[in-house]
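K.L.:
Attaching a predicted model along with its sequence, questions to come.
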Amino acid sequence: MKQVWIVATGGPESLQLRAAPDVQPQPGEVRVRVRASGINFADILARKGLYPDAPKLPAVVGYEVSGVVDAVGPQVDTAWIGKDVFALTRFRGYADTVAMPEIQVFEKPAGLSFEQAAAIPVNYLTAWQLLVVMGALKPEETVLIHNAGSGVGLAAIDIARHIGATIYGTASGAKHSFLKQRGLHEAIDYTRVDWTREVAKLTQGRGVELILDPLGGAEWKKSYRALRHTGRLGMFGASTMTESSLPGPLKLLRVGLGMPWFNPVALMNRNRSVFGVNLGHLWHEAPKIGVWMNALLDGVKAGWLRPHVDRTFPLAQAGEAHSYIEARRNTGKVVLVV
């Protein structure tokens with residue numbers, strides 16, 4: 001089998017394709033011959049040494065794959081063999097062969113390509129947790145999606161559109177037309193205007209009920225201030241740490257110093273709430289994740305869940321794929337293909 005390893009902390013050149021013996025499924029596991037692997041921003045942070053949950057380097061990262069089951073371990077129904085599937089992986093997804101627990105594997109809808117299926121697990125489960133499970137978004141409410149052109153951003157647009165809420169989003173101007181086609185009601189070019197002022201104008205100064213913020217640091221303060229009474233702030237990343245000119249882990253310093261401290265009394269008095277989402281810390285909740293995924297698969301059948309793949313790269317060009325994402329050239333998911 002072939003795997004892409006992060007051999008050391010550094011730039012895209014730190015990703016190397018290596019050969020290894022085929023992985024063998026253990027009890028309760030399913031083995032998949034991978035056709036497509038999703039790339040997430042956490043993978044880039046891991047490569048830069050900025051992702052605390054990443055395995056010790058050298059390592060193979062990757063949280064999601066799609067492909068065909070070719071073997072199962074003991075205690076697993078052999079009916080899986082030959083099925084097209086997609087799955088969550090606890091790393092090791094940058095490979096042409098992966099084994100994972102059966103509970104993390106789902107049948108691929110016939111109407112989706114392998115590339116589209118690989119774009120579902122992390123992005124749509126994260127968006128579902130943010131909007132539905134913890135954000136409790138209602139049809140009469142307004143949501144602001146930061147980085148609306150990202151994979152999670154597009155997933156959130158699909159879900160919020162299905163709910164019937166009013167959707168605002170921040171993105172560079174070149175992405176606005178596409179995002180409006182996807183269902184965004186108002187697009188805000190954060191590179192040209194102060195998004196907080198634009199949100200105030202759009203809401204007549206009231207603010208929005210739910211904000212999805214993957215930016216981190218001082219940006220969370222701004223998002224909190226932009227909430228309406230009964231508003232909720234969902235935090236699920238800290239992408240601004242990559243913008244710091246400080247070396248290595250010191251990049252975390254700027255983000256950490258800028259983070260807000262939320263006072264419980266102030267939260268009560270302002271009728272606001274804040275919450276965090278990290279799908280990578282929910283492996284022990286696999287049955288619950290399965291319930292969320294089944295709801296999303298119903299969305300595929302109904303036609304409102306529409307995974308969008310911006311571009312694919314061969315597995316051997318994982319470094320080029322990382323560079324493409326870091327340059328903010330993608331709108332939606334970037335996928336590695338075998």
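P.N.:
Received it, and whenever you're ready, just let me know what you need.
K.L.:
Residue 312 is in what secondary structure piece?
P.N.:
strand 309-314 (DSSP states H and E).
K.L.:
do the same with residue 3
P.N.:
Using DSSP H and E, residue 3 falls in strand 2-6.
K.L.:
Which strands or helices does that strand pack on?
P.N.:
Applying 3 or more CB pairs under 8 Å, 6 or more residues apart in numbering; DSSP states H and E, we find strand 2-6 packed against strand 15-19. Placement of C-beta: from N, CA and C, glycine included.
K.L.:
Pairing partners for the strand it packs on, with directions?
P.N.:
Using DSSP bridges, strand 15-19 pairs in its sheet with strand 2-6 (antiparallel).
K.L.:
hey, C-alpha coordinates of the partner strand in PDB?
P.N.:
Backbone C-alpha positions of strand 2-6 (Å, rounded to 0.1, in the frame of the first residue of the first chain) are rendered in PDB as follows:
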ATOM      1  CA  LYS A   2       1.000   3.700  -0.400                       C
ATOM      2  CA  GLN A   3       0.700   6.400   2.200                       C
ATOM      3  CA  VAL A   4       1.600  10.100   2.400                       C
ATOM      4  CA  TRP A   5       3.700  10.800   5.500                       C
ATOM      5  CA  ILE A   6       4.400  14.100   7.200                       C
END
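K.L.:
before we move on, back to that, need the contact partners of the strand holding residue 3.
P.N.:
Residues from elsewhere that reach strand 2-6 (CB atoms under 8 Å, 6 or more residues apart in numbering): 14-20, 46-47, 57-62, 92, 94-96, 315-316, 318, 336.
K.L.:
please redo it, this time with the cut-off set to 6 Å
P.N.:
With contact meaning CB atoms under 6 Å, 6 or more residues apart in numbering, strand 2-6 is reached by 14-20, 47, 57-60, 94-96, 318.
K.L.:
likewise stretch 203-210?
P.N.:
In contact with stretch 203-210 (CB under 6 Å, 6+ apart) are residues 135, 137, 141-144, 226-228, 231-232.
K.L.:
can you list the weak-confidence ranges in the stretch 201-338 of the chain?
P.N.:
Low-confidence segments of the stretch 201-338 of the chain (pLDDT under 70): 239-257.
K.L.:
Enumerate the positions of the top helix by length along the chain that are buried.
P.N.:
With secondary structure taken from DSSP state H, the chain has its longest helix at helix 286-302. Applying a neighbour-count criterion of 16 or more other CB atoms under 10 Å, the buried positions in helix 286-302 are 289, 292-293, 296-297, 299-300.
K.L.:
from the chain's centre, how far out does it sit?
P.N.:
Relative to the chain's own centre, helix 286-302 is displaced by 16 Å; criterion: CA atoms, centre = their mean, to the nearest Å.
K.L.:
What would that helix look like as PDB? C-alpha coordinates only.
P.N.:
C-alpha atoms of helix 286-302 as PDB (Å, rounded to 0.1, in the frame of the first residue of the first chain):
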ATOM      1  CA  ALA A 286     -19.600   7.000  17.600                       C
ATOM      2  CA  PRO A 287     -23.300   5.900  18.000                       C
ATOM      3  CA  LYS A 288     -24.300   9.600  18.300                       C
ATOM      4  CA  ILE A 289     -22.200  10.500  15.300                       C
ATOM      5  CA  GLY A 290     -24.000   7.700  13.400                       C
ATOM      6  CA  VAL A 291     -27.400   9.300  14.200                       C
ATOM      7  CA  TRP A 292     -26.200  12.600  12.800                       C
ATOM      8  CA  MET A 293     -24.800  10.900   9.700                       C
ATOM      9  CA  ASN A 294     -28.100   9.200   9.000                       C
ATOM     10  CA  ALA A 295     -29.800  12.600   9.100                       C
ATOM     11  CA  LEU A 296     -27.300  13.900   6.600                       C
ATOM     12  CA  LEU A 297     -27.700  10.900   4.400                       C
ATOM     13  CA  ASP A 298     -31.500  11.600   4.400                       C
ATOM     14  CA  GLY A 299     -30.400  15.000   3.100                       C
ATOM     15  CA  VAL A 300     -28.600  13.400   0.200                       C
ATOM     16  CA  LYS A 301     -31.700  11.400  -0.700                       C
ATOM     17  CA  ALA A 302     -33.900  14.500  -0.500                       C
END
